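Engineer: sequence and predicted model, in that order:
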Protein chains: 4
Amino acid sequence: MTKPLVLFDPWPRQRRLIFTDAMWARLGALARVVGPEDRKADPAEFDAQLGEAVALIGQTDLPAERLARMPRLRAVINVEGNFLQNVDYAACFARGVHVLGVGPVFSLPVAEAALGMAIDLARGITLADKRMREGGEEYGFKGNRDSFLLTGATIGLIGFGNLGRALLPMLRPFRPRLLIHDPWLPDGALRAEGAEPAALDTLLGEARVIFVLAGVTAENVGFLDRAKLSLIRRDAVFVLASRAAVVEFPALVELANAGAFRAATDVFPVEPVAKDDAVRRSALLLSPHRAGGIPEAMRLIGEMVVDDLELVLRGLPPVRLQPARPETVARFRSMPGRTYEKGVTL
Amino acid sequence: MTKPLVLFDPWPRQRRLIFTDAMWARLGALARVVGPEDRKADPAEFDAQLGEAVALIGQTDLPAERLARMPRLRAVINVEGNFLQNVDYAACFARGVHVLGVGPVFSLPVAEAALGMAIDLARGITLADKRMREGGEEYGFKGNRDSFLLTGATIGLIGFGNLGRALLPMLRPFRPRLLIHDPWLPDGALRAEGAEPAALDTLLGEARVIFVLAGVTAENVGFLDRAKLSLIRRDAVFVLASRAAVVEFPALVELANAGAFRAATDVFPVEPVAKDDAVRRSALLLSPHRAGGIPEAMRLIGEMVVDDLELVLRGLPPVRLQPARPETVARFRSMPGRTYEKGVTL
Amino acid sequence: MTKPLVLFDPWPRQRRLIFTDAMWARLGALARVVGPEDRKADPAEFDAQLGEAVALIGQTDLPAERLARMPRLRAVINVEGNFLQNVDYAACFARGVHVLGVGPVFSLPVAEAALGMAIDLARGITLADKRMREGGEEYGFKGNRDSFLLTGATIGLIGFGNLGRALLPMLRPFRPRLLIHDPWLPDGALRAEGAEPAALDTLLGEARVIFVLAGVTAENVGFLDRAKLSLIRRDAVFVLASRAAVVEFPALVELANAGAFRAATDVFPVEPVAKDDAVRRSALLLSPHRAGGIPEAMRLIGEMVVDDLELVLRGLPPVRLQPARPETVARFRSMPGRTYEKGVTL
Amino acid sequence: MTKPLVLFDPWPRQRRLIFTDAMWARLGALARVVGPEDRKADPAEFDAQLGEAVALIGQTDLPAERLARMPRLRAVINVEGNFLQNVDYAACFARGVHVLGVGPVFSLPVAEAALGMAIDLARGITLADKRMREGGEEYGFKGNRDSFLLTGATIGLIGFGNLGRALLPMLRPFRPRLLIHDPWLPDGALRAEGAEPAALDTLLGEARVIFVLAGVTAENVGFLDRAKLSLIRRDAVFVLASRAAVVEFPALVELANAGAFRAATDVFPVEPVAKDDAVRRSALLLSPHRAGGIPEAMRLIGEMVVDDLELVLRGLPPVRLQPARPETVARFRSMPGRTYEKGVTL
């Protein structure tokens, strides 16, 4: 029996980073895979295969007319990390084609990094290391006037999707009072997690530790503006772990520099950050978009893709990757200034 | 009815740092408290009160002859953090006098800081901040070649006392394979915690994340010597959170500088560290003995002291502070080079 | 502005059992609700409203021709507990109509009851009560020869959907070796939960505590047949918490009666069980389909329905109820012998 | 070198029940063990060995005069389960002899059984089984009017020693509001566990699930008297898992029979219970003192004894068994009516 045909166009991901040899072999046993491993495919090179293809692994444009030529298509698997606006998602949904993304692979790495950044801010880890290198350290209690425990603190999560769900279990041992703000989730869903649903202003004004985990949509660009950020307690720490565009970034830098609160960020309005950007000298704890893309996450992409493709080919629902949802897939926006050419991706 | 008399000599702790006003008032309601709040007491100034005193809160010398003059004594409460060799502990135990220490107040702060340092090393948080300030950062995957998850990792704890017991629940969400080495604990006690008892060499050779949490005793000075440290995996991270004297410190610095593994330390052989000490320019993540002494821990001292004193005066066993044990109290050694004059204490 | 129209046909559920007055009022504020609260609707009584209806709450037949007359329909919400084969689901999916079920409300109650039944069997709770009433009890160790701890035991879950996910956190404190068998889930998905994926035979042969949590589909009727059940350890306990049809029920009863293992069941091939059915005198711990339908679960139906309807009307994806999946909705089978007339439903 | 001598007098425990062959061999490698395995020792038969003995494993009377003849004694290990008043504990403490008990081995079994009994009462498991055997069962919701979830409930613990500490982690997945009443523990110690310290009346009046875990002392006999029990909510469940003597037992039976609340008990004022005792026909869920003494607990006795004896002989503090405390060891009372002759022990 002929194996089903799968189109492969993972760029800007490189095949070797996301598929171990073992996983690549497993995929090969499951399907005939055509397409380039280390460059962007020209959509035209798939023309002859469209009629046969049961799935696309990658980011090839799929407008309505191309989809119409793919009668056997059952899954479109984006491995880049964001749902781009280059696919006619409505047509996919109408036909029952699964539209899947790899968001879940980044949840654990981002959650662990966000926890690490929060402890860093609460305890001054990076700052103390710097001071000790400069010869100006203070020992013990004297160096700890602003330090506090996560244990027993009020912790606020802004956004409660994959990232929040990955972070939550890591926070439970600290037995926090847990506030969650997510306008897409009913209060009962949050209470079922042991959290208090909170209005944004309440969360900002009460939490000692704030994690920003919300994706950016057409509607929420800049919703954490200067006025909102000004509600944050002076003794709070603020960790921006999702997307820079949800924050009025210049206001964040300014407030952190002024000591209004302590802050860390893994994301920036434009990446790479300009060499002379003042954020490099700011009071923020700086992480150059490193929270998600660690080797284990990359390799998990391949595993999840093969797992779900196998299920789909068996006539079962996929369970590991994230299904796009008709209501929201068109709302998500890529990160402004994203420079795919450099392979610099989440 | 006259309130019982309590001697007070907390120096190098200052009263205001360890007793909130509310807790100080609670102590005052419980007992007449005599002694200085902000300087070391002269033992002689207690001479007239020895016959009445039911407890000492502090570090006054208590040799046998002085103890003999304290017939009503029921508790000796060290608030400094280490059991010093200035008390005739054997005489206390023979008389049923409680000997209590404040170690437990530092467990949570050290555990949180140790977790933060481990994530820092595993993800390069401090290093990436530094590089971004210098303009040499790498984004995303390129900057993450050595990053790894705590989730699913093999984690080793060397020493499993108060610190280990505080850290363990914070590690559970990562579902690690957990190795513990503690020569004072039977295997069954470790298995009951869901851990694998491990020989030191096994732990050092297998763990990806190593926490050193062992106190220093007469027997274990320098047990983590160059040979032992050389067993550590190249891709491991090593967090020294208890006492510098358990490690051959120069070997640790040298190995870290050579890239043998990544390491962080909160403690140093002599504190304060000399201005020209090369450790300041080493590859270690440096924390100037800040992991324990945060304001919340300091205030918890007062609460625990009053709680336990109240129990003792009611004829009940104390439950919050750490009881000294006859077998081990004489084994613990203070930190070499400890400079109490400067108030630099754990 | 006119409120949207919602058709209401919850029978065999009664409105008052699934909607508190407060939740009913909340639904009323959201939509015009038409249909009977306490009887089955005649499909014809909705004819005039089909053109306006944005949602159906209930189990009215929706064949293709009726769906075609409902151009504004956005959600079909089954409140009975099983997806019946009286809706043209394919047509719903093609149009992007949400098909939702209330399965999740029963997850926690069933999980708690299943845990209770497992402990009952492991410790002989019901049996010892009976013996004590009859005057034949044995005290202490003598009565405990077959008792064992869940702590540290090997626990197997057969099926890992809503029920398994609700039960898993309740099992974690026992630090079990956890085996899961679910042919719809890839190994990696189970490992991510800290479980070992297991073949059915392995699980049956090794687990000391077995929970059957699998739903019944066209393919898996009777998959736990006599041969499989014979693999179970003599010292094991077996809790059937999902559907009787997945088990060769007469073999289960026979083996339990023969002392092959201890067993409990919440479900039966035909319910109500015949007055003279021998299962009533069997060695099984008997629960007359009570694990799920407790008052809290019933009331949660209303809350989840209103929460999700509100989201759908706001143009957001529902998050609380369970979405039917095209691949599986047609596979599930109702419980044989189900007698809706009596309102006796899961 | 001669092995140290250990006296052995475990009766009413039998050696084979508490020491596996492997553990018995381990003990034999550690010490010369003298004394009977299966009967009570005559104290006189140890006379010749008193001078050599470093430890007693068992319950031999040790009045002051006998202790005075045991100069090398370092540990007295009670394996029966309660500290009896047949040892001069004060003399032991003054000499630094460890006085240890096996209470901890029963903590997990009692905790699991107590959880099982609580779920049984909350869901009517035993009752429904009985009704189904009699042909009077109700299915689904109809049989569940009084059923409720532990999840989210207010749960109260009366007494927070070994049992409470073992039970608490098993309750956390239910995310209860947790009330604890223990007059021997400061509020801060309870808050550190995530619980609310509660006055007894508050706990009784507010908790939906009540666990009685308090040991019986000279002071607290019958403290849960009729007036206190009358504070319990009508919809609450009450699990007596520690000692019958803390409750006014006839009032408990009467109130349970009257439907004042639902209750279970593992202990009785006199055991064995008289054949014609009306409690056998009462509304209580009855467990004939079976919660603790399961085979795994029995075998753990031997392991803990050998583990701690080994530590003591190495000059280290014991860590597994429970040390008697001078303040409380004389307060605990055996269970009235305890009949050791029959080997019926906790």
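Structural biologist: Perfect, I can see it now.

Engineer: average model confidence for stretch A:325-341?
Structural biologist: Regarding stretch A:325-341, the rounded mean pLDDT is 61.

Engineer: can you check stretch A:130-140 too?
Structural biologist: pLDDT averaged over stretch A:130-140 gives 96.

Engineer: gap between the two ends of that stretch?
Structural biologist: This stretch, stretch A:130-140, spans 16 Å end to end (CA to CA, to the nearest Å).

Engineer: list the buried residues of it.
Structural biologist: Using 16 or more other CB atoms under 10 Å in any protein chain shown as the test for burial, stretch A:130-140 gives A:Lys130, A:Arg131, A:Met132, A:Glu137, A:Glu138, A:Tyr139, A:Gly140. Where you see a C-beta, it was placed from the backbone N, CA and C, and this is true even at glycine.

Engineer: could you do stretch A:185-205 as well?
Structural biologist: Quick answer for stretch A:185-205 (16+ other CB under 10 Å): A:185-186, A:189-190, A:192-193, A:195-198, A:200, A:203-205.

Engineer: which residues sit against that stretch?
Structural biologist: A:156-158, A:160, A:168, A:172, A:177-182, A:206, A:210, A:223, A:228-229, A:231-233, C:303-304, C:307-308, C:310-311, C:319-320, D:175 (CB atoms under 8 Å, 6 or more residues apart in numbering or on different chains).

Engineer: average pLDDT for it, rounded please.
Structural biologist: For stretch A:185-205, the mean confidence score works out to 97.

Engineer: what about it, start to end distance?
Structural biologist: Taking CA to CA, the first and last residues of stretch A:185-205 lie 21 Å apart.

Engineer: quick one, helices of the stretch 201-346 of chain A?
Structural biologist: Taking DSSP state H, counting those that start in this stretch to define them, one finds helices in the stretch 201-346 of chain A at A:226-229, A:249-257, A:295-313.

Engineer: next step: the contacts of stretch A:185-205 restricted to strands.
Structural biologist: Those of these mapping onto strands are A:Gly156, A:Leu157, A:Ile158, A:Arg177, A:Leu178, A:Leu179, A:Ile180, A:His181, A:Ile210, per DSSP state E.

Engineer: for the buried residues of stretch A:130-140, give me JSON lines that also has secondary structure.
Structural biologist: Listed next are those as JSON lines, based on DSSP: H, G, I helix; E, B strand; the rest coil:
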{"residue": "A:Lys130", "secondary structure": "helix"}
{"residue": "A:Arg131", "secondary structure": "helix"}
{"residue": "A:Met132", "secondary structure": "helix"}
{"residue": "A:Glu137", "secondary structure": "coil"}
{"residue": "A:Glu138", "secondary structure": "coil"}
{"residue": "A:Tyr139", "secondary structure": "coil"}
{"residue": "A:Gly140", "secondary structure": "helix"}
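
Engineer: stretch A:274-289 and chain B in contact?
Structural biologist: Yes: judged by CB under 8 Å from any CB of the partner chain, stretch A:274-289 and chain B are in contact via A:Lys275, A:Arg280, A:Arg281, A:Leu285, A:Leu286, A:Ser287, A:Pro288, A:His289.

Engineer: may I have the phi/psi pair for A:Tyr139?
Structural biologist: Dihedral angles of A:Tyr139 (phi, psi; degrees, to the nearest 10) stand at phi -90, psi 150.

Engineer: from chain D, how far off is the residue of the stretch 101-250 of chain A found nearest chain C?
Structural biologist: In the stretch 101-250 of chain A, the residue that lies nearest chain C is A:Pro186 (3.7 Å; CB to the nearest CB). A:Pro186 is 17 Å from chain D, where distance means CB to the nearest CB, to the nearest Å.

Engineer: tell me the domain boundaries of chain A?
Structural biologist: Using automatic domain parsing, the domain ranges for chain A come out as A:5-102+A:294-342, A:106-286.

Engineer: lowest average pLDDT across the ones you listed?
Structural biologist: The bottom spot among the domains of chain A, by mean pLDDT, belongs to domain A:5-102+A:294-342, with a mean of 92.
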